[in-house]
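Give the three-dimensional model of this entry:
(one chain, ligands or ions: 3)
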Amino acid sequence: MAFIASPTLMRSSISWQNMVVCDNSCRDKFLFRNKDIYKGGRNLQNHSTVANVASPSHVIAPPPPPEKLPGTTGGKHHVAWTSVPQERWEGELLVQGHIPLWLKGTYIRNGPGMWNIGDYNFRHLFDGYATLVGLHFEDGQLTAGHRQIESQAYQAAKKNQKICYREFSEVPKAENFLAYVGELASLFSGSSLTDNANTGVVKLGDGRVVCLTETQKGSIVIDPETLETIGKFEYSDSLGGLIHSAHPIVTDKEFLTLIPDLVKPGYLVVRMEPGSNERNVIGRVDCRGGSSPGWVHSFPVTQHYVIVPEMPLRYCAQNLLRAEPTPLYKFQWHPESKAFMHVMCKTSGKIVASVEVPLFVTFHFINAYEEEDEDGRVTAVIADCCEHNSNTGILDKLRLQNLRSFNGKDVLPDAKVGRFRIPLDGSPYGTLEAALDPNEHGRGMDMCSINPNYLGMKYRYTYACGAQRPCNFPNTLTKIDLELKRAKNWYEEGAVPSEPFFVPRPGATEEDDGVVISIISEKNGEGYALVLDGSTFEEVARAKFPYGLPYGLHGCWVPKQ
Ligand SMILES: CC(=O)/C=C/C=C(C)/C=C/C1=C(C)CCCC1(C)C
Ligand SMILES: CC(/C=C/C=O)=C\C=C\C=O
Ligand SMILES: [Fe+2]
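Ligands and ions are numbered 1, 2, ... in the order given. Next up, the predicted model:
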């Protein structure tokens, strides 16, 4: 075995003697695949293959590759769309290149990484049970781990070997009509909704780390060191509502989010202080179109305003009740209801602008800022998003069957950096245009990040996933210069990179002085953590995982004090 002597590696060599996970053939295969890169690790509580659960200090071998595991997809699909093979793992990775010494802390990525329960396979990317990946950086070294979030939904599914709560597209089977009536009642009370917090993760100003999704009950506190599930984040106010934006705006000073009102169509804009679990209402926006609010997966803010998007892809009461997924899941496209952008003053809750804008489809706003004239008067708000050319087809493209069946055909719909200009002079209309030629990033655009110190301010750079065509999913990392209207792209054949997450260098004065972290799932079933220089967008380091990880969505940075 090509292990280098180090305390971690000594533990690893013990691990092979204690291995209870797989037969010799897969062990040999694993050793062969990883001997140069992987340093060591702990397989903790393998849910599907380890009979005797390992105690956290007990070191056993990494799991077999996915094709050996029951309930996984037999290794036929790209590892990005293959359920994670075990519940927990942690270990040190061998770093190729140089991780900057200033990078001290933990990058945590959340996402739906387990798409089956027993033999039942989920249908949509967004249905999977939440899988966390942690990358601890210190002194140029990297320790990694992953772990499932122990939501009620996940625990119930494991226990009963079936889906027990309503996920994004999956609905538990009603055994009979009475059960169905009970289902309807429980939908209205929210008890049947999932708490599978599989979308994002944020560090609150008080240090608590919370995983989130679109349901309010899917707010789950985790330990950033161990990725352990600590418990539900209970909102202590009585604002009610069952859903909220999956992407609150979180800074050291506040937590801002939107709560859609499905009964009297509108949105509550709410704020929570660090150290508190109580949200307070800043104000309310009434919808201007349609009989239900538009989907608000995310929203942007400027220094003084909260921007509330009203997208014509609206929540749909009938679709919420359906047992089988509809083409647009819980939503419906209402072009006749038009699209609007509302601007609310953060302190007074007053609406300072509400304009009609061209139809749009977005999951993710990138940033927003206030535009000033020569005299320093604010004349407009600029809000940027990853815009899917007002085509809802992207939701269908994220079905697992589509993601798993890439055959060389270019099927990823075009997307752009959509730039809204919202005038503050009382004009009734705003504009929406591409901020740069979308060909710069291959006409793919999603999963964006910015330098967090530029939140709500005029900014120049965004990092995102773009496209090198043909493809069926964003397959590049792109650094976009919104001033020069140029993009620089990172690409490796067959790789599926996750959201490029920007971490600024402490003390930096340049906006792009920092690193970009992404996790790559490779065509050959393997995977690695990637660190790019934020300025040059060149690779500075990579570190291979013992096995490829599934795709994940959003991350956060927890600096080490
Ligand atoms: C992963 C991601 O980006 C989105 C996840 C969305 C979810 C889990 C949405 C769940 C919902 C329900 C279970 C019922 C109510 C509507 C809605 C919020 C879409
Ligand atoms: C992964 C994704 C869209 C990719 C399209 O190009 C959207 C994810 C949304 C949820 O966080
Ligand atoms: Fe998202």
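
got the residues of the protein near ligand 2?
Thr199, Phe363, Ile394, Ala415, Gly444, Asp446, Met447, Pro474, Leu553 (C-beta under 6 Å from any ligand atom). No exception for glycine: its C-beta is placed from N, CA and C like everyone else's.

any idea how far the fourth one is from ligand 1?
The span separating Ala415 from ligand 1 equals 16 Å under the rule C-beta to the nearest ligand atom, to the nearest Å.

what does the stretch 51-200 of the chain put close to ligand 1?
Counting by C-beta under 6 Å from any ligand atom, the residues of the stretch 51-200 of the chain near ligand 1 are Pro112, Phe126, Arg166, Glu167, Phe168, Leu193, Thr194, Asn198, Thr199.

tell me the SS of Lys159?
helix (DSSP: H, G, I helix; E, B strand; the rest coil).

Could you tell me which ranges of the chain sit under the pLDDT cut-off?
Within the chain, the stretches with pLDDT under 70 are 1-75, 176-178, 180-181.

Mind jotting down where the strands sit in the stretch 101-250 of the chain?
Under the criterion DSSP state E, counting those that start in this stretch, the stretch 101-250 of the chain contains strands at 105-109, 112-114, 116-117, 120-121, 129-138, 141-148, 200-203, 209-212, 220-222, 229-232, 249-250.

which two from the residues of the chain next to ligand 2 end up farthest apart in space?
Across these, the longest distance by C-beta to C-beta is 20.1 Å; it joins Thr199 and Gly444.

Who are the contact partners of the residue nearest to His146 when sequence neighbours are not counted?
Leaving aside its chain neighbours, His146 sits nearest to Val133 (4.6 Å; criterion: C-beta to C-beta, 6 or more residues apart in numbering). Val133 makes contact with Ile108, Arg109, Ala144, Gly145, His146, Ile519, Leu549, Gly552, according to C-beta atoms under 8 Å, 6 or more residues apart in numbering.

circling back to that earlier point, now distance to Arg404 too, for the strands of the stretch 101-250 of the chain, in TSV please.
Shown next, in TSV, are the strands of the stretch 101-250 of the chain (distance: least, C-beta to C-beta, whole Å):
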stretch	distance to Arg404
strand 105-109	21
strand 112-114	14
strand 116-117	12
strand 120-121	10
strand 129-138	17
strand 141-148	21
strand 200-203	24
strand 209-212	25
strand 220-222	28
strand 229-232	29
strand 249-250	33
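
Glu372: which of those is closest?
Between Glu372 and the strands of the stretch 101-250 of the chain, the tightest spacing by C-beta to C-beta is seen for strand 249-250, at 21.6 Å.

Ramachandran coordinates for the nearest residue to Leu125 once chain neighbours are set aside?
Nearest residue to Leu125 in three dimensions, chain neighbours excluded: Leu398, at 4.4 Å (C-beta to C-beta, 6+ apart). When read as degrees, to the nearest 10, the backbone of Leu398 gives phi -90, psi 10.

Which residues are in contact with Leu398?
Counted by C-beta under 8 Å, 6+ apart, Leu398 has contacts His124, Leu125, Phe126.

May I ask you to confirm that Lys330 is in contact with Leu320?
Yes: with contact defined as C-beta atoms under 8 Å, Lys330 reaches Leu320; the gap is 5.2 Å.

Narrow the contacts of Val133 to just the buried residues.
Ile108, Arg109, Ala144, Gly145, His146, Ile519, Leu549, Gly552 (16 or more other C-beta atoms under 10 Å).

Quick check: bridge partners of the third one?
In this case it means Ala144. Beta bridges link Ala144 to Gly91, Leu135 when assigned by DSSP bridges.

and it, what does it touch?
Ala144 makes contact with Glu90, Gly91, Glu92, Leu93, Val133, Gly134, Leu135, His136, Ala529, Ala543, Phe545, according to C-beta under 8 Å, 6+ apart.

how close does it sit to ligand 2?
Distance from Ala144 to ligand 2, by C-beta to the nearest ligand atom: 22 Å.

Perfect, that will be all.
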